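# what's the 3D shape of this:
(one chain, ligands or ions: 1)
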Amino acid sequence: MKLLSTNGFIVYAKKMNEADMLLSYITEDYGKITCFANNARKSKKRFLGKLEPAMLTNIKFYEKPGMTLDILYEADIVEDYKNLRKDINIYLFLTKLTEISRILCQERDNSKNIFYLIKNIFKSLDKLETGAAERMPVSVNTVLLKYEIYFISNLLKFTGIYPNFSNCIECSESNLRNSFDFNLKKGGVICKSCAEDKNKGHAYSEIKKLPVNFINLSNLMTGSDLSIINKLAVNEEILTDCSIFLRDFLSFHTGKRLKSFETI
Ligand SMILES: [Zn+2]
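Sure, this is the predicted structure:
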């Protein structure tokens, strides 16, 4: 067994047996890893207070050849974004972020993009003064929706499932005015005549109208760093529509219900 070390964020934690835990991390060097933490809830020195969400930890784990599950040996806090666990709205966003990451990220995909995407978002959100909500020009919810769309759009890019918004998926006609509808099943836009062509067999329920400005918004967010969030003025209604569209796309694509979107 090899002992490996890397930095990571917990995206899934499940209690097992009396004191053990099963944990998934998005790591800096190994993509998503899932490990078994023996006696995690009793071992104070190695784990106590170090297995929280929104915490960057350095983890040491044993890799067993031929096994998908690693063995977590030890965790140490590198940075703690504790404000993310204090505010209920941010916490709800956090549950979305971790659930989507866990579902979309592949085990042992060693690109660092997703790790840094999460790290930058946590860093930035940790500084958000939610207590000063009355003084903020926009509501916390609006800001969090922007983070959500930024996160999901970029994650879709990094995992290679960002939809094709520029050409009809059937006939390749260019979506010049961003007026095409979206086919959830095929993961791309579809022109009017293809959508109405009965021979192509598009189920009505699979075709969605894209929210106003969604394509522009998503393209902007995948082409910029996080500072775009403060620069973009978009109203909450449009952002909510974008969030619902992304949820539907993700559910359809993964075949899973996203529980974190059902809390409200
Ligand atoms: Zn077409």
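# Would you mind measuring from the residue nearest to Gly31 when sequence neighbours are not counted to Ile244?
Of all residues not flanking Gly31 in the chain, Asp109 sits nearest, at 3.6 Å (CB to CB, 6 or more residues apart in numbering). Quick note: C-beta positions are derived from backbone N, CA and C, even for glycine. Using CB to CB, to the nearest Å, Asp109 is found at 28 Å from Ile244.
# longest single strand anywhere in this protein?
strand 2-16 (DSSP state E).
# Same question for the helix or strand following that strand: list its buried residues.
Sequence order places strand 20-27 as the next helix or strand after strand 2-16, per DSSP states H and E. Applying a neighbour-count criterion of 16 or more other CB atoms under 10 Å, one finds 21-27 buried in strand 20-27.
# do stretch 243-263 as well
Buried residues in stretch 243-263, defined by neighbour count with 16+ other CB under 10 Å: 243, 245-247, 249-250, 252-253, 258, 260-261.
# do the same with stretch 36-49
Across stretch 36-49, burial judged by 16+ other CB under 10 Å covers 36-38, 40-41, 46-47.
# I would like the residues contacting it, please.
Outside of stretch 36-49, the residues within contact range by CB atoms under 8 Å, 6 or more residues apart in numbering are 15-16, 18-23, 51, 69-75, 77.
# how does it look with 6 Å?
19-23, 69, 71-72, 74-75 (CB atoms under 6 Å, 6 or more residues apart in numbering).
# and it, what's its mean pLDDT?
Averaged over stretch 36-49, pLDDT sits at 88.
# now do stretch 222-232
pLDDT averaged over stretch 222-232 gives 94.
# Next, the buried residues of it.
Applying 16+ other CB under 10 Å to stretch 222-232 flags 222, 226, 229 as buried.
# quick one: it to chain centroid distance?
Chain-centre distance of stretch 222-232: 16 Å, with CA atoms, centre = their mean, to the nearest Å.
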